[in-house]
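> Generate a structure from the sequence data that follows.
(chains A and B)
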Protein chains: 2
Amino acid sequence: MSQALRQHLEKITTFTDSEFDYILSHFTTKKLKKHQFLIQEGDLVPNDHFVLKGLLKSTHTDNNGKQHILGFAMEDWWISDYQAHFNQTNATLYVDCLEDTEFLCLSLYNREKLCAELHKMEHCFRVKTSAGFVALQRRILTLLNSTAKERYEQFLQQYPTLTQRLPKTLIAAYLGVSRETLSRLYTA
Amino acid sequence: MSQALRQHLEKITTFTDSEFDYILSHFTTKKLKKHQFLIQEGDLVPNDHFVLKGLLKSTHTDNNGKQHILGFAMEDWWISDYQAHFNQTNATLYVDCLEDTEFLCLSLYNREKLCAELHKMEHCFRVKTSAGFVALQRRILTLLNSTAKERYEQFLQQYPTLTQRLPKTLIAAYLGVSRETLSRLYTA
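The predicted model follows:
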């Protein structure tokens, strides 16, 4: 399973076997069942999580108890409450499993250690974070775009696999459109 | 003026005078007047821009001609169309000056060169990008939050200086609330 992490990192730069073994020694493994929480509001969030298998959603519950979907993560993606993780504050998000899920966990301490020791690792994380930054800007533009149709089409195009694995209710909540509107778009 | 860049980078790590001179030699300077465009839709975006003086907004115009505000930038912030910049594609955003503005410009080529040559520079950009990533997640949560009041209060708290320099119409557009709603909140 750890080969998935190596392949993930080597999309950016290559590592020798001993370098990769050293990197991997800084990760721990974790398994959760469907419906279990990885992070709950108020938790400290020591780790970032690389998904080996499964599917999760990260959500924010507003003062009226309404749940908003910040994002999803599946195989080959990272997920955490990054505000809480990087600033070492309490989580404002919930992250829960939509399927049985397996992770590799990297603590903030170990991330900084690896980045300081291996320039290549710092490079990997900079490139990944830049790509994540761009994806979030696209998400903001999607939220600002006026039509449900455009949002849905962008989602389909960006995440074809996710679309098949997610209940329509969750896709609608992620896009900020009603379940009925989404159903009309599905059959259009 | 270049001391502003040095102070900005040295919030993260320190550089010797000769290191900083070397870094600075990879930047070019640029000045624009109020109302001028830094980036227009369709442009190639070779540069990222560190703001020395002034204020800008980045916007997206949807298919109905409606303008949505992705973000603002003032002194000590970076601004570009990052999707276009990192992927070397055409801009989908407009970036224009709300005040007379001065920048230091860094090309993608020079960013990658500096990051490859100086581990400390790669570290700086990773840390800055991670902070930017967290800020964008907060913005998404703000957009998903249901009440205009919450959005406005978060904006005030996060960007007190910006609030004083921006017309209320632009703050309302950024928050996705009507000008009338914002005026009621101002006087509340």
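
> Look up the closest residue to A:Asp48, ignoring the ones flanking it.
Distances taken as Cβ to Cβ, 6 or more residues apart in numbering or on different chains place A:Ser80 nearest to A:Asp48, at 4.5 Å, with adjacent residues excluded. Yep, even glycine has a C-beta here, placed from its N, CA and C like the rest.

> Could I get the phi/psi values of the one you found?
In terms of degrees, to the nearest 10, the main-chain angles of A:Ser80 are phi -170, psi -180.

> Test for you: state the pLDDT assigned to it.
With respect to pLDDT, A:Ser80 scores 97.

> looking at it, it is touching A:Leu44, isn't it?
No: here A:Ser80 does not reach A:Leu44: they are 11.6 Å apart, not a contact under Cβ atoms under 8 Å.

> between those two, who's got more neighbours?
Between A:Ser80 and A:Leu44, A:Ser80 has the larger neighbour count (other Cβ atoms under 10 Å in any protein chain shown), namely 24 against 13.

> Look up how far B:Phe27 lies from the more buried one.
33 Å (Cβ to Cβ, to the nearest Å).

> So what touches stretch A:11-24?
A:2, A:5-6, A:9, A:114, A:118, A:120-121, A:123-124, A:127-128 (Cβ atoms under 8 Å, 6 or more residues apart in numbering or on different chains).

> ok, now with 6 Å
If you take Cβ atoms under 6 Å, 6 or more residues apart in numbering or on different chains as the criterion, stretch A:11-24 is touched by A:2, A:6, A:120, A:123-124, A:127.

> try stretch A:84-92
Counting by Cβ under 6 Å, 6+ apart, stretch A:84-92 makes contact with A:39, A:41-43, A:45, A:81, B:130, B:134, all of which sit outside it.

> Stretch A:135-152 now?
Residues outside stretch A:135-152 that contact it (Cβ under 6 Å, 6+ apart) are A:154, A:175, A:177, A:181, A:185, B:60, B:62, B:68, B:136, B:143.

> what stretches of chain A score poorly on pLDDT?
For chain A, residues meeting the criterion pLDDT under 70 lie at A:146, A:186-188.

> Nearest residue to the middle of it?
The residue lying closest to the centre of chain A (Cα atoms, centre = their mean) is A:Ile79, at 3.4 Å.

> A:Phe72 is in contact with that residue, correct?
No: assessed by Cβ atoms under 6 Å, A:Ile79 is found out of contact with A:Phe72, at 8.4 Å.

> residues near A:Leu70, how many?
Counted with other Cβ under 10 Å, the neighbours of A:Leu70 add up to 21.

> part of a helix, is A:Leu104?
No: per DSSP: H, G, I helix; E, B strand; the rest coil, A:Leu104 lies outside any helix segment and is strand.
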